[in-house]
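Colleague: Next one to model:
(chains A and B)
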Number of protein chains: 2
Amino acid sequence: MTGGPAAASMRTLIQDLETDNIADLATKANALKDVIRLWYGEGDVVTPDFIKNAAAGALAAGRTFYEPDMRGTAELREALSTYQSVLHGTAISENRSSVQPGGMQSLHIAMMLVCDPGQSVAIVEPQWPNIRHIVTLAGGKPVAVPLDWDTQRPTLDLDKLFAACDETTAAICFSSPANPTGWTATRDELAAILAFARERGIWVICDEVYNRLWYGNTRGAPSMLQVAEPEDRVLIVNSFSKAWAMTGWRIGWITHPESVVAKLSAVTQYVNSGTPSFVQVAAATALNEGEGLVSEIRERCRAGLDAAYETLSSAKGVVLPQKPMGGMYAFFRLEGEDDSRAACAKVLEAARVGLAPGFMFGASGRPWLRMCVCRDAAVVRAAGERIAETIGR
Amino acid sequence: MTGGPAAASMRTLIQDLETDNIADLATKANALKDVIRLWYGEGDVVTPDFIKNAAAGALAAGRTFYEPDMRGTAELREALSTYQSVLHGTAISENRSSVQPGGMQSLHIAMMLVCDPGQSVAIVEPQWPNIRHIVTLAGGKPVAVPLDWDTQRPTLDLDKLFAACDETTAAICFSSPANPTGWTATRDELAAILAFARERGIWVICDEVYNRLWYGNTRGAPSMLQVAEPEDRVLIVNSFSKAWAMTGWRIGWITHPESVVAKLSAVTQYVNSGTPSFVQVAAATALNEGEGLVSEIRERCRAGLDAAYETLSSAKGVVLPQKPMGGMYAFFRLEGEDDSRAACAKVLEAARVGLAPGFMFGASGRPWLRMCVCRDAAVVRAAGERIAETIGR
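Modeller: Numbers count the residues shown, from 1 in each chain, chains lettered A, B, ... in the order given. This next block holds a predicted model:
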């Protein structure tokens, strides 16, 4: 007989994999009344009827079988081609987009394409923790490159990023606009990162899930697709979750060089074997008819961000960077409080506001707190007021 | 500048990953008229309305958000607990099932839990090729253990299986009833494999996706769940695809020791972040109200298998093993034809019947052909007749 729990003999590679997550906080919150839950990266808008009806229509029409092309239906890949080509002002052929069941899965598959066991990936931090965990799952080593906070806003020191890359580096990876900081690479920064990656022959993986939640005077944030050539070693990950209010649908896509199609098809088959047809029909409808929805979500986030900044800036001892130009988060810290786990617990118990603790986003995120602002501005305002009242103005 | 296509610099681990698949044949078939397509492991029954309506109802009710527990809703995990406990006659707690977006993904995640880079996995072959490919993706080495065909049916030589395991072995993996052979482990064989795995401290991964497509006088084929203790190092993978006619929905589950829950939650989060709510609602309805459907699909496969055997056995030079007791395939070969790729092309062009070539299922599958029989018996009969007419009676 074996003796002891089975878990003791799982692969060594995941022995140290962090299992800590926001769900623990959420469980604690269940015991409390009247909590404003702003920890998840998810808005409060139900997916609109025009998208739900597309899925229901596809189901009614009997689209309950495998799709022959596991990288996505022709209809959705064509919609993605048109959408991206128009948005970024450069032709992106339909064969350069591969549909995946979620942005998370797109990142996992991207890592499965480029990072060998023993290689490393340079990750701009604070960063959505799942990115470093998929590097671990691929057998690689995440190398954190912290943003600088010496001015009133986060900035990326490109020399520091490049110095973090060595002969073991498979890829540079970052989100832009970033989760959780809102940091957004400029077009010049994207070009500089690409030039360095070309020189070294390494990959760049860009999480552009927040591209459309952008408060500048362009339709989206600067994108790696605007500077890269089709065969550059660049994988851009996107998702319908945030900008189209479709978190629960689990659908996203990778934009990639055409030359990787054969291997990407194979990896897609062996990891997930495709995305449900009826979910793809809904996503194509979202792309083709959803610009009004995207604007609505963006304005909701913008108003939420304004409400968070107005209320939090009135509180004593809240360290609030310049308002970010993109993303769906306010990212701040409490003066003198370096332990975000403790700070989150305090805010949860005293102010009944649920925030995500910054330590989850890497060591450099440790003192910070993340607040999702994709809510009715009144709700975000109430949350900010509660925090301000609790810690004093 | 980089020069050359980006694909040239993908991770070495996937350089040899096979990209060959049935889709190539399917493309070739598009040029032909009136092809009976029996290559995919998928029936022709549209998911019934009671399941589709459950999904549509969940969508209408606004279930478009993340589920808090990425391992599945409480409702579905309770339904899985009841279903498995009753079916196998042993209590399986709700915390031992984890929902995943598909059986494929369940297997991938199982491998991500147990196989470290450099380890090996013993795989009973001929086998669904995706199983060996996920071992490769995990950085492991698949070791084939061919079934014996010296009698009229495939048998597993346990000594050969155990001899294939050494100090690098992380797990033994097989499907039962098997895809493509229909080979099914007896309860005694399952117990012997488990005893060996306990002694060596290695894992057993069982793909039981065809458990209910069983033509014996029990409700399902023998299951590892009937012999294993809760904390045995056993991961059982299942799916709604085959027995509930839900291939396109991408939903399955892993049954596992409770002690792996923390790591399994983490890996689930980092690989896929969960399965859509409305798909889970549909799956729970399938489990709770779908026994009639399962019987219908099983009888459809049984009649299809009978039709395949009646027609193929009349053909000259068809090597037909004993009729399998489980699964949804007829597995046969043409006398004197060792190259299944050529044989499939010939059958496709001459008989206009699409079969899956056995070489995909491992070296020992090379001469064989797989025919999916989950169709109207008349369709399978027509396919068998065409083959018999083409090669002669």
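Colleague: make it CA atoms for all contacts and neighbour counts henceforth
Modeller: Will do.
Colleague: Which secondary structure elements does the helix or strand encompassing A:L369 sit against?
Modeller: Counting by DSSP states H and E, the element that carries A:L369 is strand A:368-372. Under the contact definition 3 or more Cα pairs under 8 Å, 6 or more residues apart in numbering or on different chains; DSSP states H and E, strand A:368-372 sits against strand A:329-334, helix A:340-346, strand A:356-357.
Colleague: List the strands paired with the first one, with their directions.
Modeller: By that I understand strand A:329-334. Using DSSP bridges, the strands paired with strand A:329-334 are strand A:318-319 (antiparallel), strand A:368-372 (antiparallel).
Colleague: would you list every one of the helices in the stretch 151-300 of chain A?
Modeller: Here the stretch 151-300 of chain A has its helices, by DSSP state H, counting those that start in this stretch, at A:158-163, A:187-200, A:261-271, A:277-289, A:291-312.
Colleague: These into TSV, with extra columns for distance to A:L213?
Modeller: TSV is the format used below for these (distance: least, Cα to Cα, whole Å):
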stretch	distance to A:L213
helix A:158-163	24
helix A:187-200	17
helix A:261-271	28
helix A:277-289	15
helix A:291-312	5
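Colleague: Among those, which comes closest to B:L190?
Modeller: B:L190 lies closest to helix A:261-271 among the helices of the stretch 151-300 of chain A, at 26.0 Å (Cα to Cα).
Colleague: Would you mind listing what in the stretch 51-200 of chain A touches chain B?
Modeller: Applying Cα under 8 Å from any Cα of the partner chain, we find that the stretch 51-200 of chain A lies next to chain B at A:52, A:56, A:59-60, A:62-69, A:101-102, A:104-105, A:108, A:112-117, A:130-131, A:133-134, A:137-139, A:195, A:198-199.
Colleague: Is there a quick PyMOL command that grabs whichever of these are buried?
Modeller: Selection of buried members from those for PyMOL, criterion 16 or more other Cα atoms under 10 Å in any protein chain shown:
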select buried, chain A and resi 52+56+59+60+62+63+64+65+66+67+69+101+102+104+105+108+112+113+114+115+116+117+130+131+133+134+137+138+139+195+198
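Colleague: Show me the shaky parts of chain A.
Modeller: Across chain A, the ranges flagged by pLDDT under 70 are A:1-3, A:21, A:23.
Colleague: ok, back up a step: could you single out the most deeply buried of the strands paired with strand A:329-334?
Modeller: Mean neighbours per residue, mean count of other Cα atoms under 10 Å in any protein chain shown, is largest over the strands paired with strand A:329-334 for strand A:368-372, with a mean of 27.
Colleague: what angle separates that one from helix A:291-312?
Modeller: Taking axes from the mean of the first three to the mean of the last three Cα atoms, to 10 degrees, one finds strand A:368-372 and helix A:291-312 inclined to each other by 140 degrees.
Colleague: circling back: of the residues of the stretch 51-200 of chain A next to chain B, which belong to helices?
Modeller: The helices, defined by DSSP state H, take in A:52, A:56, A:59-60, A:104-105, A:108, A:112-114, A:130-131, A:133-134, A:137, A:195, A:198-199 from those.
Colleague: what about the helices and strands packed on strand A:368-372, which gets the closest to A:A8?
Modeller: Closest approach to A:A8 among these is made by helix A:340-346 (27.5 Å; Cα to Cα).
Colleague: now that closest one, how far from the centre of its chain.
Modeller: Its chain's average C-alpha position is 23 Å from that of helix A:340-346, according to Cα atoms, centre = their mean, to the nearest Å.
Colleague: And for that helix, what's in contact with it?
Modeller: A:25, A:334, A:337, A:354-359, A:366-369 (Cα atoms under 8 Å, 6 or more residues apart in numbering or on different chains).
Colleague: Selection in ChimeraX covering whichever of these are buried, please.
Modeller: The ChimeraX selection below is limited to those of the contacts of helix A:340-346 classed as buried (16+ other Cα under 10 Å):
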select /A:25,334,354,355,356,357,358,359,366,367,368,369
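Colleague: Same list, the contacts of helix A:340-346, but as a markdown table with distance to A:T90 please.
Modeller: Supplementary listing: the contacts of helix A:340-346 in a markdown table, determined by distance: Cα to Cα, whole Å:
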| residue | distance to A:T90 |
| --- | --- |
| A:L25 | 44 |
| A:L334 | 43 |
| A:E337 | 46 |
| A:G354 | 41 |
| A:L355 | 39 |
| A:A356 | 37 |
| A:P357 | 39 |
| A:G358 | 37 |
| A:F359 | 38 |
| A:R366 | 39 |
| A:P367 | 40 |
| A:W368 | 38 |
| A:L369 | 37 |
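Colleague: List the buried residues for stretch A:214-227?
Modeller: A:W214, A:Y215, A:G220, A:A221, A:P222, A:S223, A:M224, A:L225, A:Q226, A:V227.
Colleague: same thing with stretch A:116-130?
Modeller: Those would be A:116-117, A:119-130, for stretch A:116-130 by 16+ other Cα under 10 Å.
Colleague: just stretch A:224-240 next, same as before
Modeller: By neighbour count with 16+ other Cα under 10 Å, stretch A:224-240 contains the buried residues A:224-227, A:230-240.
Colleague: Quick one: end-to-end length of it, please.
Modeller: In stretch A:224-240, first residue to last residue: 18 Å (Cα to Cα, to the nearest Å).
Colleague: hey, where'd the strands end up in the stretch 101-250 of chain A?
Modeller: Assigned by DSSP state E, counting those that start in this stretch, the stretch 101-250 of chain A shows strands spanning A:120-125, A:141-146, A:169-175, A:203-207, A:234-239.
Colleague: and the angle for the last one with helix A:187-200?
Modeller: Meaning strand A:234-239. Using the same axes, to 10 degrees, the inter-axis angle of strand A:234-239 relative to helix A:187-200 is 130 degrees.
Colleague: Also the longest one?
Modeller: Note on geometry: by the same axes, to 10 degrees, strand A:169-175 and helix A:187-200 are set 170 degrees apart in direction.
Colleague: Angles on the backbone of the closest residue to chain B within the stretch 51-200 of chain A, please.
Modeller: Relative to chain B, the nearest point of the stretch 51-200 of chain A is A:F65 (4.1 Å; Cα to the nearest Cα). Main-chain torsions, A:F65, degrees, to the nearest 10: phi -110, psi 170.
Colleague: Can you give me every residue that contacts it?
Modeller: Contacts of A:F65 by Cα under 8 Å, 6+ apart are A:S277, B:E42, B:V46, B:M246, B:T247, B:G248, B:W249.
Colleague: what separates A:I123 from A:V145, distance-wise?
Modeller: Separation of A:I123 from A:V145 (Cα to Cα): 6 Å.
Colleague: now A:M360
Modeller: A:M360 sits 15 Å away from A:V145, going by Cα to Cα.
Colleague: So for B:V281, which of the strands of the stretch 101-250 of chain A sits nearest?
Modeller: In terms of Cα to Cα, the element of the strands of the stretch 101-250 of chain A nearest to B:V281 is strand A:234-239, at 22.9 Å.
Colleague: Against which helices or strands is that closest one packed?
Modeller: The contact analysis (3+ Cα pairs under 8 Å, 6+ apart) places strand A:234-239 against helix A:103-114, strand A:203-207, strand A:252-255.
Colleague: 6 Å instead, please
Modeller: Packing partners of strand A:234-239 (3 or more Cα pairs under 6 Å, 6 or more residues apart in numbering or on different chains; DSSP states H and E): strand A:203-207, strand A:252-255.
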